[in-house]
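Participant: Coordinates for the following, if possible.
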Amino acid sequence: MILDMQTMFSGSTAADGSLTGQAITVTAASTNILDTGVNKEKGRGTPIPLLVQVTTTFTAGGAATLQAVLQCDGDVAFGSANTLWDSGAIAVATLVAGYRFLIDKIPEHVAAKADSRYFRFNYTVATGPMTAGNLVAGIVMGRQSIGFP
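Facilitator: Residues are numbered from 1 along each chain as shown. Got it, this is the predicted structure:
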């Protein structure tokens, strides 16, 4: 899979050039917000493929869950964010390294929304906190489908 740091919601580059996931122990927004700009063309367009994947297994002292939500808003502060996709609560036991969330693209109906300039993921930890766990999220060139449900 080809990743570009300019189109990553969560994750960064380590000193050695490798990809490092965003640590999620409590509820948090993605480290990056993607800005599509003010003069974007409205319409269906081409589906934009996404990847959200656990890079370090999550752990917690109890039965914690993680929920990932893709949001858009016309305001960078996300004061009235629209939910575009919601993973639902995923048990900590499921969040092992390599686990991929079941989102494959930004929903096509979003392109026509006037308030879809800014995009981010919001991660909600319930019955937490998590004691460890990292993930990456971003736009990808294409999705690797072998072994993906």
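Participant: pLDDT value on residue 8, please?
Facilitator: Here, the pLDDT recorded for residue 8 equals 83.
Participant: surely it meets residue 136?
Facilitator: Yes - between residue 8 and residue 136 there is a contact under Cβ atoms under 8 Å: 6.9 Å. C-beta here means a position set from N, CA and C on the backbone, and glycine is covered the same way.
Participant: quick one, which of these two is more surrounded?
Facilitator: Between residue 8 and residue 136, counting by other Cβ atoms under 10 Å, residue 8 is the more crowded of the two (22 against 19).
Participant: just the helices in the chain please.
Facilitator: Using DSSP state H, no helices are found in the chain.
Participant: can you map out the strands along it?
Facilitator: Along the chain, counting by DSSP state E, strands occupy 3-10, 12-13, 19-20, 22-23, 28-29, 34-35, 48-60, 65-73, 82-86, 90-91, 105-106, 118-126, 130-140.
Participant: For stretch 9-20, buried residues please.
Facilitator: Residues of stretch 9-20 classed as buried by neighbour count (16 or more other Cβ atoms under 10 Å): 9, 10, 11.
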